[in-house]
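1. Here is my input; please provide its structure:
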Amino acid sequence: MNIRSRRSRDYSLVSATRAVSRQTSSSRLGLAVGLCAGAWLVLAPQAATAQGRVDAHYEATLAGIPVGKGAWTIEIGDDTFSASAQGGTAGLLKAFSGGTGSGASQGRIVNGALVANAYTATTTTQKKSETIRLVLANGNVKDFSIDPTPPVDPDRVVVTDAHRKNVLDPMTGSMLRVPGNGEVLAPDSCRTGAGIFDGRLRYDLKLDYKRMETVRAERGYHGPALVCAIYFTPIAGYIPDRPVIKYLASERRIEVTFVPIAGTRILVPFRMTIPTPFGLAMLEATSFVTTAMPPRVAKTN
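-> Numbers count the residues shown, from 1 in each chain. Below you'll find the model as predicted:
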């Protein structure tokens, strides 16, 4: 490949990644491409609780070219949970359009279910910085803000109060909880769905089983993984004519690969792939270190 054709390809990749970054949810935490913030949490009751932690590092690529890196830490306690992530552009994309992002979610564990009460996401580019905050209670958004306040776009589908009920924030929604006492890496674990609200966009996600496989991080996890198809349906807060929204809503080949947090019945994404006209967009763990934590012992004095 000569220098001119390589530059042409690289500029196409940069333009494609910028388009995805501009037109999808701003809560993607910088390193995510497209829907990486959206997976699943199942809120069915479960009596038993367990504790575990994961420290993971991810790399995002487009057509095999690195475009972002990030880290994700999750702690599951006996009655509380927390998750935080940070990332930024890398490689070729960083040279053209640097950006960083961070996010966090925390809440309680009620009858074994993760119930978030707060979510924050901040993205910073060369041109601006934006922070989204959500306050939740029992799956309903009680308050939210975007700072600075974005301009009103008359073409955007209005988000109503009803759209902000029975939803998950993107960070909590990235964790798939498997109820019951059976095998967590099972086909039925994929067969679920949920509504997500990220402060701007309200959308539904549906999972379906695809296959089992074995994954290996450069550091940490090596073992079985559950691969699910993921389907995106925009509900409100989006502009219908945006090409990326139309593309993601019609794409049937998006996959997310889950692995377990040790000591829990929580699955989290190890890899996500999204076919695009410019090549495969992929977010994959390069390091995935997970440990079970002993339950807290009640004081008896």
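2. what about the residue lying closest to Val158 once chain neighbours are set aside, how many neighbours?
-> Excluding the flanking residues, the one nearest Val158 by C-beta to C-beta, 6 or more residues apart in numbering is Ala236, at 6.4 Å. Yep, even glycine has a C-beta here, placed from its N, CA and C like the rest. If you count neighbours by other C-beta atoms under 10 Å, Ala236 ends up with 17.
3. Over to the one 4 residues further on?
-> For Pro240, the neighbour count with other C-beta under 10 Å is 11.
4. same deal with Leu62?
-> Leu62 has 24 nearby residues by other C-beta under 10 Å.
5. Walking through the chain, point out its helices one by one.
-> 3-23, 91-96, 243-250 (DSSP state H).
6. where in the stretch 51-200 of the chain is pLDDT low?
-> The stretch 51-200 of the chain contains residues with pLDDT under 70 at 91-97.
7. for it, what spans make up the strands?
-> For the stretch 51-200 of the chain, the strands defined by DSSP state E, counting those that start in this stretch cover 52-62, 65-76, 80-89, 99-110, 113-125, 129-137, 140-147, 176-177, 193-197.
8. out of the ones you listed, nearest to Arg265?
-> Counting by C-beta to C-beta, Arg265 lies closest to strand 176-177 out of the strands of the stretch 51-200 of the chain; the figure is 6.2 Å.
9. what's the spacing between the closest one and its chain's center?
-> 13 Å (C-alpha atoms, centre = their mean, to the nearest Å).
10. May I have the residues that are in contact with the residue nearest to Val158?
-> The neighbours of Ala236, taking C-beta atoms under 8 Å, 6 or more residues apart in numbering as the test, are 157-160, 163, 201-202.
11. Greatest separation within those residues: which pair is it?
-> Using C-beta to C-beta, the pair of these lying farthest apart is Thr160 and Leu201, separated by 13.6 Å.
12. who's more crowded, those two?
-> Using other C-beta under 10 Å as the criterion, Thr160 and Leu201 rank with Leu201 on top: 22 against 11.
13. Name the nearest residue to that one, ignoring sequence neighbours.
-> Nearest non-adjacent residue to Leu201 (C-beta to C-beta, 6+ apart): Gly237, at 4.2 Å.
14. Was I right to think the one you found contacts Thr160?
-> No: using C-beta atoms under 8 Å, Gly237 is not in contact with Thr160; the gap is 10.1 Å.
15. related to what we said a few turns ago, what's the residue nearest to Leu201 in contact with, if anything?
-> If you count contacts by C-beta under 8 Å, 6+ apart, then Gly237 has 156-159, 163, 200-202 around it.
16. so which of the strands of the stretch 51-200 of the chain is the most packed in?
-> strand 176-177 (a mean of 24; mean count of other C-beta atoms under 10 Å).
17. Packing partners of that one?
-> If contacts are counted by 3 or more C-beta pairs under 8 Å, 6 or more residues apart in numbering; DSSP states H and E, strand 176-177 sits against strand 266-276.
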